[in-house]
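[1] Have a look at this prediction, sequence included:
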Amino acid sequence: MGAQESPQREGVSASGNLDSAQVEGESLRRVKEEDSSPRRVSPRLKQFLMNPPEIELCLLLSRAQLSPQAWERALALLSTPLRWEFLLERAKAFGLFPLVYTGLSSHGLPSEQDYTLELRRLEGLAAAAHKEGKQVVVVMGLGFVGAVMAAIVADTVHKKKGHPTKFVIGCQRPSTRSYWKTPLLNRGESPVKAEDPEVDPMIRRCVLEKRTLTATFNPDCLALADCVVVDVQCDYSKQHLGTMKTGEADMAALEATLRQIGEKIQPQCLVLMETTVPPGTTEFVAWPILKKAFRARGIKAEPLLAHSFERVMPGKDYVSSIRDFWRVCSGCNGKARMRVVKFLSEVLNVEKFPLTAMDRPIESETTKIVENSYRATILAFLNEWSIFSERNGVDLTKVIRAIKIRPTHSNIIFPGPGIGGYCLPKDGGLGYWAYEHILGFQDGDSVFKISTAAIDINDTRALHVAELTRDALRNMGRYIAGARVLLAGASYREDVGDTRYSGSELVLRKLAEMGAEVSVHDPYVHHWYELESQDTYPATGRSWARFFRNQQDLVNIRVQKDLPAALKGVEALILAVRHKPYLQLKPDEVVKWASGPIAVVDCFGILEDTEITRYFELGCEVKALGRGHIQRLKEKVRSARA
């Protein structure tokens with residue numbers, strides 16, 4: 001939060017921030033006393049409350065009308081990490097909640113006139129692009145994949161002459177949840193946060209310098225496109241934890257987008273589906289939708305529909321995982337196949353990473369599902385050997401290192417507390433669901449045994465971490481109920497800030513159910529929205545909180561950055577992710593910061609034997625996933641003391 005210079009007042013620090021909840025309460029009383037209408041707040045009181053961004057946004061949205069400058073400020077605030085529960089709590093305390101809610105639903109969302117003006121802007125840009133010989137590409141969806149894909153396409157240049165060949169329009173529907181992405185991208189700022197240093201400069205360059213990228217809320221831009229890239233989410237909703245087969249694919253948003261595309265595109269426009277979808281979707285769901293729309297418009301031409309899934313990976317190589325990586329593609333007919341090969345060859349580094357063109361989209365779709373199901377299955381397979389190792393004195397991390405020497409097994413990895421990420425926890429479910437609901441077979445339960453079981457195993461592996469924490473504390477004469485536990489690592493992958501379906505979330509939720517007081521540290525995660533906004537994130541009723549009791553207070557958890565401070569007074573430390581800072585931790589420092597011996601649980605082979613031994617020497621208790629040899633190290637320390 002940026003502090004503004006102002007004279008120090010009673011109850012307010014020199015930085016201008018509120019000192020306590022009592023002062024906040026007094027400020028709320030003054031709001032009501034000084035202005036009987038919450039739509040008008042005195043400038044003096046407004047300045048007093050301006051520093052916390054949540055309160056500034058609250059006051060902005062409570063207005064009946066916003067000037068363009070004020071709305072731009074509100075959008076800027078919406079694009080920053082916000083404490084939503086704090087905002088809504090203060091809105092209620094102010095007596096402004098109905099106004100703020102209405103403001104979120106209406107302020108700044110485009111009017112009918114806005115749509116008309118926006119289309120004129122886009123028509124002018126598209127005409128200029130066509131005049132310069134550029135292809136106009138519309139990317140539908142500016143999320144985790146779409147925003148960066150749009151920038152990569154916009155950054156494309158002629159491979160011999162070096163001039164830009166694409167003009168890209170990123171289209172994001174104008175909802176209160178995501179409308180902020182449009183003005184943010186049009187300022188040259190990325191709507192997604194990434195560890196890759198290429199992302200921000202590339203978006204800034206394409207928007208502000210090359211002027212080959214713009215964003216819009218108006219889907220009428222589809223009529224201007226030579227190519228449409230679909231990056232709209234297709235999720236898999238699980239009804240029960242550890243029982244994947246009871247879930248279902250959620251294709252509503254994707255199907256609605258396809259209907260919109262069919263109603264607006266030109267007959268020779270290529271539609272490229274990048275979304276990971278249930279096998280059969282492109283040919284048996286998407287293509288019929290486009291054909292029906294074409295018939296309704298009197299268009300006799302066959303829609304040009306293709307599929308090419310992304311293999312994006314978060315982290316420092318985010319851009320390269322899209323641009324500099326092998327791609328698989330296919331088309332619903334020969335012309336679509338030819339067009340998608342040409343388009344991807346212009347945009348991606350196919351010289352070093354050649355395309356694989358399949359005969360049919362169902363083959364391309366199945367490729368993505370099988371490769372992710374294979375990875376998920378290998379990790380689930382190691383879960384049983386992890387338990388075997390714990391119970392029989394084996395260190396699975398050493399076993400894996402010995403196996404990896406063999407070139408044919410070099411990709412075997414330790415599973416950690418679950419697999420996480422957006423793809424691996426769900427993609428096998430898309431295949432299982434498609435087998436019955438798109439392809440029409442009724443024997444899915446007898447056919448799909450391994451892929452579905454792998455997802456169930458991976459989804460529940462994290463629960464064992466809570467058991468190990470309970471056992472470690474019990475060995476120290478303590479109980480898990482009421483124990484202060486620090487979870488070190490919230491993301492699903494080392495050295496990234498991505499928390500989607502992280503195994504750490506299930507560890508934390510299970511510990512909360514058992515009565516532990518859990519705090520969180522992660523050097524890369526700023527907000528853990530799965531906790532902070534669990535009533536609405538990732539969607540209403542879809543949080544993992546629904547599978548556990550005693551979850552209501554988790555919305556108050558904030559990810560800490562100061563590890564020594566976070567460790568102060570804890571009784572247990574769970575090393576959940578192999579973040580680089582955790583690999584460098586020294587046992588003596590940890591015990592010093594915690595003010596005494598603690599239980600240490602290693603989820604990811606983070607601790608070396610010398611470190612485990614030192615923890616025992618310092619009076620700590622150590623448990624770990626897949627590391628049964630720890631008991632030997634403990635006995636060795638005991639013997640040395642005797």
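    Nice, I can see it.
[2] secondary structure element for G124?
    Assessed by DSSP states H and E, G124 sits inside helix 112-131.
[3] and that helix, how far out from the chain's middle?
    Centre-to-centre, helix 112-131 and its host chain are 32 Å apart (C-alpha atoms, centre = their mean, to the nearest Å).
[4] Tell me who's in contact with the closest residue to T282 other than its chain neighbours.
    Nearest residue to T282, sequence neighbours excluded (C-beta to C-beta, 6 or more residues apart in numbering): P361, at 3.6 Å. For glycine as for every other residue, the C-beta is placed from the backbone atoms N, C-alpha and C. Neighbouring residues of P361 by C-beta atoms under 8 Å, 6 or more residues apart in numbering: 273, 282-283, 305-307, 330-332.
[5] Most neighbours among these, which one?
    Counting neighbours by other C-beta atoms under 10 Å, H307 leads these with 32 neighbours.
[6] L344 should be in a helix, yeah?
    Yes - counting by DSSP: H, G, I helix; E, B strand; the rest coil, one finds L344 located in a helix.
[7] Verify the stated contact: it with V350.
    Yes - look at L344 against V350 with C-beta atoms under 8 Å: they come within range, at 6.8 Å.
[8] check contacts around the residue nearest the centre of the chain.
    The residue lying closest to the centre of the chain (C-alpha atoms, centre = their mean) is R500, at 4.6 Å. If you count contacts by C-beta under 8 Å, 6+ apart, R500 has them with 420-422, 492, 538.
[9] just checking, which of those residues belong to strands?
    Here DSSP state E is the test, and the contacts of R500 give no hits in strands at all.
[10] Surely I574 is in a strand?
    Yes - using three-state DSSP, the assignment for I574 is a strand.
[11] Spatially nearest residue to it (excluding sequence neighbours)?
    With sequence-adjacent residues excluded and distances taken as C-beta to C-beta, 6+ apart, I574 is closest to V601, at 4.6 Å.
[12] Could you chop the protein up by domain?
    With domains defined by automatic domain parsing, the chain comprises 21-106, 112-237+245-315+330-340, 366-459, 462-641.
[13] By mean pLDDT, show me the worst of the ones you listed.
    Mean pLDDT per stretch puts domain 21-106 lowest among the domains of the chain, at a mean of 54.
[14] with the contacts of R500 in mind, which one is nearest to L430?
    Nearest to L430 out of those is Y422 (C-beta to C-beta; 11.9 Å).
[15] What separation is there between the closest one and V136?
    29 Å (C-beta to C-beta, to the nearest Å).
[16] report the longest helix in this structure, please.
    When the chain is scanned for its longest helix (criterion: DSSP state H), the result is helix 361-391.
[17] following it, which helix or strand comes up?
    Next helix or strand after helix 361-391 toward the C-terminus (DSSP H and E): helix 396-404.
[18] For the helix or strand following that next one, buried residues please.
    Following helix 396-404 in sequence order, the next helix or strand is helix 427-437 (DSSP H and E). Of all the residues in helix 427-437, those buried under the rule 16 or more other C-beta atoms under 10 Å are 427-435, 437.
[19] again with stretch 378-390
    378-383, 386-387, 389-390.
[20] Please produce TSV containing those, extended by distance to A640.
    Conversion of the buried residues of stretch 378-390 to TSV gives the following (distance: C-beta to C-beta, whole Å):
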residue	distance to A640
I378	39
L379	37
A380	39
F381	37
L382	33
N383	34
S386	29
I387	29
S389	25
E390	24
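[21] out of those residues, who's nearest K449?
    Looking across the buried residues of stretch 378-390 and measuring by C-beta to C-beta, the closest to K449 is A380, at 12.1 Å.
[22] and that closest one, what is it in contact with?
    Listed by C-beta under 8 Å, 6+ apart, the contact partners of A380 are 415, 453-455, 457-458.
[23] Same question for R204, what's its three-state structure.
    helix.
[24] who's in contact with it?
    Going by C-beta under 8 Å, 6+ apart, the list of residues near R204 reads 188-189.
[25] Number of residues surrounding the nearest residue to E302 once chain neighbours are set aside?
    In this structure, E302 finds its nearest non-sequential neighbour in N333, 6.2 Å apart by C-beta to C-beta, 6+ apart. Using other C-beta under 10 Å, N333 has 14 neighbouring residues.
[26] now do G162
    8.
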